[in-house]
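> dropping a prediction and its sequence here:
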Amino acid sequence: GAGVSQSPSNKVTEKGKDVELRCDPISGHTALYWYRQSLGQGLEFLIYFQGNSAPDKSGLPSDRFSAERTGGSVSTLTIQRTQQEDSAVYLCASSLVGGGGNTIYFGEGSWLTVV
Amino acid sequence: GENVEQHPSTLSVQEGDSAVIKCTYSDSASNYFPWYKQELGKRPQLIIDIRSNVGEKKDQRIAVTLNKTAKHFSLHITETQPEDSAVYFCAAITPHMSNFGNEKLTFGTGTRLTIIP
């Protein structure tokens, strides 16, 4: 596709339910990032993939959060037993390669509301 | 890990005046510094970036300066216009030489810029 695609764009879920957020990076991009942005706040790093591997998982807020990437392309961020504090926009981004110096493009985000 | 601080958190300038946003970083190994603009409800979009081997870069009304010794970089917007109103984020990438590609983009906390007509 032309840009980073995320789905769903909006998700309302009940507290305690699991949710899956999907990111389809720009074709050929090997580096993929997940960030979380609470309302009016900055961008909180969650996880980074280079290919299928995630060398840095330090940003995941708790063990309820997990992410995977298969085939070096699509990534899924899973939040188990959602809590109200998980409500935020989850932004995915990709770049051609890691290592710095390559433009990082963001998707439109998945707006998650936990009620 | 890398820590990026950004100031001010809010900035209001008169249309036509200049705006300056400043960021500092902690890891001297950081080598790439992009700036993103985020309009309300939209995705962050890259507006300008600078690599560590360059001290200044300009693109029309936008310029970025980098001082590696002091570990700070700044965004300058001249002749501001109402459409410049947005939240601006600075960021830094620190590559890990022992594991190519093992790095993350660390963002500053953002500056809400308001241009007063």
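Nice, I can see it.
> helices and strands of chain B: which one bottoms out on pLDDT?
strand B:105-107 (a mean of 86; mean pLDDT, DSSP states H and E).
> show me what that one is packed against.
If you count contacts as 3 or more CB pairs under 8 Å, 6 or more residues apart in numbering or on different chains; DSSP states H and E, strand B:105-107 packs onto strand A:44-50, strand B:86-93. C-beta here means a position set from N, CA and C on the backbone, and glycine is covered the same way.
> can you say which of those strands is packed in most?
Highest mean neighbour count of these: strand B:86-93, a mean of 25 (counted as mean count of other CB atoms under 10 Å in any protein chain shown).
> where does pLDDT dip in chain A?
A:1, A:98-101 (pLDDT under 70).
> which non-adjacent residue is nearest the most centrally placed residue in it?
Among the residues of chain A, the one closest to the centroid is residue A:34, at 3.3 Å (CA atoms, centre = their mean). Closest residue to residue A:34 apart from its sequence neighbours, by CB to CB, 6 or more residues apart in numbering or on different chains: residue A:46 at 4.2 Å.
> quickly list what the nearest residue to residue A:65 once chain neighbours are set aside is bridged to.
Of all residues not flanking residue A:65 in the chain, residue A:79 sits nearest, at 5.7 Å (CB to CB, 6+ apart). Counting by DSSP bridges, residue A:79 is bridged to residue A:19, residue A:65.
> tally up the residues packed near residue A:79, please.
Residues lying near residue A:79 (other CB atoms under 10 Å in any protein chain shown) number 23.
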